[in-house]
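1. Quick one: sequence and predicted model below, then my questions.
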Amino acid sequence: MEDIKNYILNNKGRFIDELFGLIKIPSISAKAENKEDMHKAALYLKSAFLNAGVDKAEVMPSKGNPVVYAEKTINSKLPTILVYGHYDVMPVEPLDLWKSPPFEPEIRDEKIYARGADDDKGQLFMHVKALEFMVKTGKLPCNVKFMIEGEEEVGSPSLEQFCKDNKGLLKADIILVSDTGMIAKDIPSITTGLRGLAYWEVEVTGPARDLHSGIFGGAVANPINVLSKMIANILDENGKITIPGFYDDVLEASKEERALLSKSPFNEDEFKKSVGVAELAGEKGYTTMERTGIRPTFDVCGIWGGYTGEGAKTVLPSKASAKISCRLVPNQNHEKIAELFAKYFESVAPKTVKVNVKSLHGGQGYVCPIDTIAYKAAEKAYIETFGKQPVPYRSGGSIPIISTFENVLGIKSVLMGFGLESDAIHSPNENYPLYNFYKGIETIPYFYKYYSEAFKA
């Protein structure tokens, strides 16, 4: 594996050009207008895998966007690693906050700026290039399969059935995922937990049409006012969620786990500076890392209604809407939480309005044991390339399909992410440091090496 650094050095320009080709495809899964782009991205990845040296690669249909499957078989007696990733990306709005067009990647300050630069095209492409190195230099120590979907950003609604339909094809010993991050550039870390997710769209309707706010204001309830109050009441003064039964199944972290989490390097002042706030907020009685890793949350992801154009329009709107999400912790069932929220939200609505709650998607949380051979192999890989022990930590993010893999395929996952908090995933000016991109390509082959050695032992 000592040749990997030279391989990266000699091919880094080509790696970036090929990654840019993928990033330029606006594969936004949330928008129907980008349906054709999903197929373009899938075909691009198929070609990239074939060029990297796989035995076969194909674009396979699902109920939704296609899944890219590829494989390289060395020997059926060797272990098999299944790599999971996604080629779809989040919407780019608000466009006016981007310093460069989101699908015209640029390198500034040694970072790639574009939608998907980190999440997940940049991290996914590390695996393509790591495979290319191992195949072309004869250093691939095991079999490898790839399953790359196009619906992760909308909750992976088609992938569970795809896994059920292709269980034999996807048979493997471990699933390797790079869709998470590190604590800092110089502090490697392995994600040992992911929060679950429940996501809704709510609509509050008052009058049958928009009304003149002067003639009707004060006599007819304003749906925006009502919705705002209903949302505000879901969090109390201590940052606790007021939905009855919400915390019933929360698996509380032990004192020992909280003590271990407190040892993770964290600078609160730097954190505040990185997100541009003067003070932090959250559930009382928990640290910032606990709030984002081991505690559930409630957030409004978007809210709209009435007139929002230029200038003034005195209108009392007919409707108001919001998109709302909850991050969930292990043992909370997203379907149960979805029902609890809908029941509660409808129950607190005044008779002056009608409420409609639509569940959009959700998924379970996931915890990865740190005593498995896969975790130990990942640990050794980071030590090899970063020269230090990686820190285990629970991520605040969600990858709902990870728990499904375990339930449907019966395979554990190991989460080796190389992104940073400052990469602004899901936000304007998403970016990915070149250092992390190359470091990922360097580290991944060592995971293959150490996992294969431990598996055979």
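-> Right, received. Where do you want to start? All values derive from a computational prediction rather than experimental measurement.
2. What residues does Gly196 make contact with?
-> Counting by C-beta atoms under 8 Å, 6 or more residues apart in numbering, Gly196 touches 327-330, 332, 334, 362-365, 398, 400, 403. All C-beta spots, glycine's among them, are computed from the backbone N, C-alpha and C.
3. give the contact list for the nearest residue to Ile370 once chain neighbours are set aside.
-> Nearest residue to Ile370 in three dimensions, chain neighbours excluded: Pro392, at 5.5 Å (C-beta to C-beta, 6 or more residues apart in numbering). With contact set as C-beta under 8 Å, 6+ apart, Pro392 has these partners: Ser189, Ile190, Thr192, Leu260, Ile370.
4. hmm, try it at 7 Å
-> Ser189, Ile190, Thr192, Ile370 (C-beta atoms under 7 Å, 6 or more residues apart in numbering).
5. returning to what we had before: need the contacts of Gly196 in JSON lines with neighbour count and secondary structure, can you?
-> Below are the contacts of Gly196 laid out as JSON lines (neighbours: other C-beta atoms under 10 Å; DSSP: H, G, I helix; E, B strand; the rest coil):
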{"residue": "Arg327", "neighbour count": "21", "secondary structure": "strand"}
{"residue": "Leu328", "neighbour count": "27", "secondary structure": "strand"}
{"residue": "Val329", "neighbour count": "23", "secondary structure": "coil"}
{"residue": "Pro330", "neighbour count": "19", "secondary structure": "coil"}
{"residue": "Gln332", "neighbour count": "22", "secondary structure": "coil"}
{"residue": "His334", "neighbour count": "23", "secondary structure": "helix"}
{"residue": "Gly362", "neighbour count": "21", "secondary structure": "strand"}
{"residue": "Gly363", "neighbour count": "24", "secondary structure": "strand"}
{"residue": "Gln364", "neighbour count": "23", "secondary structure": "coil"}
{"residue": "Gly365", "neighbour count": "25", "secondary structure": "coil"}
{"residue": "Ser398", "neighbour count": "24", "secondary structure": "coil"}
{"residue": "Pro400", "neighbour count": "26", "secondary structure": "coil"}
{"residue": "Ser403", "neighbour count": "20", "secondary structure": "helix"}
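6. TSV please, covering the residues you listed and showing pLDDT and distance to Glu256.
-> Shown next, in TSV, are those (pLDDT from 0 to 100; distance: C-beta to C-beta, whole Å):
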residue	pLDDT	distance to Glu256
Arg327	95	23
Leu328	95	22
Val329	92	17
Pro330	82	16
Gln332	94	21
His334	94	27
Gly362	89	30
Gly363	87	27
Gln364	89	24
Gly365	88	19
Ser398	82	25
Pro400	81	28
Ser403	89	24
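7. Which one of those is nearest to Pro66?
-> Pro400 (19.3 Å; C-beta to C-beta).
8. Would you state the strands of the stretch 151-300 of the chain in chain order?
-> Ranges of strands in the stretch 151-300 of the chain, per DSSP state E, counting those that start in this stretch, are 174-177, 189-194, 196-205, 211-212, 297-305.
9. okay, the helix or strand bottoming out on mean pLDDT in the chain in CSV with CA atoms only?
-> Counting by mean pLDDT, DSSP states H and E, the chain has its least confident helix or strand at helix 255-262, which shows a mean of 78. Output in CSV follows, covering the C-alpha atoms of helix 255-262 (Å, rounded to 0.1, in the frame of the first residue of the first chain):
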residue,chain,number,x,y,z
LYS,A,255,-22.7,8.0,32.4
GLU,A,256,-19.8,6.1,31.0
GLU,A,257,-20.7,6.9,27.4
ARG,A,258,-21.3,10.5,28.2
ALA,A,259,-17.9,10.6,29.9
LEU,A,260,-16.3,9.1,26.8
LEU,A,261,-18.1,11.6,24.6
SER,A,262,-16.8,14.5,26.7
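10. Now do that helix: distance to the chain's middle.
-> Centroid separation for helix 255-262 versus its chain: 25 Å, with C-alpha atoms, centre = their mean, to the nearest Å.
11. which helix is the longest one in the protein?
-> helix 434-456 (DSSP state H).
12. Mind listing what's buried along it?
-> By neighbour count on 16 or more other C-beta atoms under 10 Å, the buried set for helix 434-456 is 434, 436-452, 455.
13. Could you do stretch 352-366 as well?
-> Using 16+ other C-beta under 10 Å as the test for burial, stretch 352-366 gives Val353, Val355, Val357, Ser359, His361, Gly362, Gly363, Gln364, Gly365, Tyr366.
14. beta partners of Met60?
-> For Met60, the beta-bridge partners are Val67 (DSSP bridges).
15. Just the pLDDT for it.
-> Met60 carries a pLDDT value of 98.
16. Check Gly155 too.
-> We have a pLDDT of 88 for Gly155.
17. I'd like the strands of the stretch 151-300 of the chain written out as CSV, with distance to Ile148 and mean pLDDT added.
-> CSV is the format used below for these (distance: least, C-beta to C-beta, whole Å; pLDDT from 0 to 100):
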stretch, distance to Ile148, mean pLDDT
strand 174-177, 11, 98
strand 189-194, 19, 90
strand 196-205, 21, 96
strand 211-212, 50, 98
strand 297-305, 26, 97
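18. mind checking which of the ones you listed is nearest Ala221?
-> Comparing the strands of the stretch 151-300 of the chain under C-beta to C-beta, the one sitting nearest is strand 196-205, at 9.3 Å.
19. How far off centre is the closest one?
-> Going by C-alpha atoms, centre = their mean, the spacing between the C-alpha centre of strand 196-205 and its chain's C-alpha centre is 19 Å.
20. Now do the helices in the stretch 101-250 of the chain.
-> 121-136, 159-165, 213-216, 223-232 (DSSP state H, counting those that start in this stretch).
21. In PDB, list the C-alpha atoms belonging to the second one.
-> Pointing back at helix 159-165 there. Extracted C-alpha coordinates of helix 159-165, given in PDB (Å, rounded to 0.1, in the frame of the first residue of the first chain):
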ATOM      1  CA  LEU A 159     -33.800   1.100  -1.700                       C
ATOM      2  CA  GLU A 160     -35.400  -1.300   0.900                       C
ATOM      3  CA  GLN A 161     -37.400  -3.100  -1.800                       C
ATOM      4  CA  PHE A 162     -34.300  -3.100  -4.100                       C
ATOM      5  CA  CYS A 163     -32.300  -4.800  -1.300                       C
ATOM      6  CA  LYS A 164     -35.100  -7.400  -0.800                       C
ATOM      7  CA  ASP A 165     -35.300  -8.100  -4.500                       C
END
